[in-house]
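J.: pasted the sequence and its predicted model underneath.
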Amino acid sequence: MFKLFSLEGATRMLPIVDARLAELQLALSDLEEVQARASNVRQGSVEALSVRQELAFVLNAAHGARREVERLGVQVPDLSTGVVEFPSRVDGEVVHLVWHRGQDAITAYHRLTGDDATRPLADATNGSHEPQEHGSDAPGA
């Protein structure tokens with residue numbers, strides 16, 4: 001479901017997004033570790049069977065974590081650095097509010113016109129340029 005977030009709504013979502021992103025990053029880290037172990041076991045051995053089962057479990061956890069992040073209505077263009085984008089509207093234009101994991105607040109946005117330049121949100125939030133809410137900021141709404 002596509003939704004647009006207000007700045008306040010996106011800010012309220014940060015703790016939830018941060019927790020889900022942490023789960024996803026951990027699941028992917030676990031997946032890499034199990035895949036590395038899988039490449040070092042003898043095919044057909046009991047250990048290989050065990051590693052395959054563990055790999056299936058970790059892969060399922062990673063897919064579940066990814067679905068949870070997507071369900072929130074945010075986009076994650078760069079999981080390794082923890083970049084998250086919240087669809088919003090600034091001055092009538094649909095944009096993405098940009099947040100980096102570890103930041104205290106959302107301070108920037110970028111336009112969707114192919115121009116990937118990140119702009120300070122302070123430049124857009126004067127007067128009527130406040131990101132406007134459309135749809136629901138609630139997860140799963």
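T.: Here it is on my side, so go on.
J.: neighbours around the spatially closest residue to residue 94 that is not a sequence neighbour, how many?
T.: Nearest residue to residue 94, sequence neighbours excluded (C-beta to C-beta, 6 or more residues apart in numbering): residue 112, at 6.0 Å. The way it works is simple: take the backbone N, C-alpha and C, and place the C-beta from them, glycine included. Residue 112: 13 surrounding residues under other C-beta atoms under 10 Å.
J.: quick check, residue 112 in contact with residue 98.
T.: No - using C-beta atoms under 8 Å, residue 112 is not in contact with residue 98; the gap is 11.8 Å.
J.: can you work out which residues contact both of these two?
T.: Common neighbours of residue 112 and residue 98 are not found (criterion: C-beta atoms under 8 Å, 6 or more residues apart in numbering).
J.: what about the residue nearest to residue 94, distance to residue 106?
T.: According to C-beta to C-beta, to the nearest Å, residue 112 and residue 106 sit 16 Å apart.
J.: and stretch 11-20, how far out from the chain's middle?
T.: 9 Å (C-alpha atoms, centre = their mean, to the nearest Å).
J.: quick one: mean pLDDT over it.
T.: Computed over stretch 11-20, the mean pLDDT rounds to 94.
J.: would you put the C-alpha positions of that stretch in PDB?
T.: The C-alpha coordinates for stretch 11-20 follow below in PDB (Å, rounded to 0.1, in the frame of the first residue of the first chain):
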ATOM      1  CA  THR A  11       9.300  11.000  12.900                       C
ATOM      2  CA  ARG A  12       6.900   9.000  15.100                       C
ATOM      3  CA  MET A  13       7.700   5.900  12.900                       C
ATOM      4  CA  LEU A  14      11.500   6.200  13.400                       C
ATOM      5  CA  PRO A  15      11.700   3.900  16.500                       C
ATOM      6  CA  ILE A  16       9.600   1.300  14.700                       C
ATOM      7  CA  VAL A  17      11.600   1.600  11.500                       C
ATOM      8  CA  ASP A  18      14.900   1.500  13.300                       C
ATOM      9  CA  ALA A  19      13.900  -1.700  15.100                       C
ATOM     10  CA  ARG A  20      12.700  -3.400  12.000                       C
END
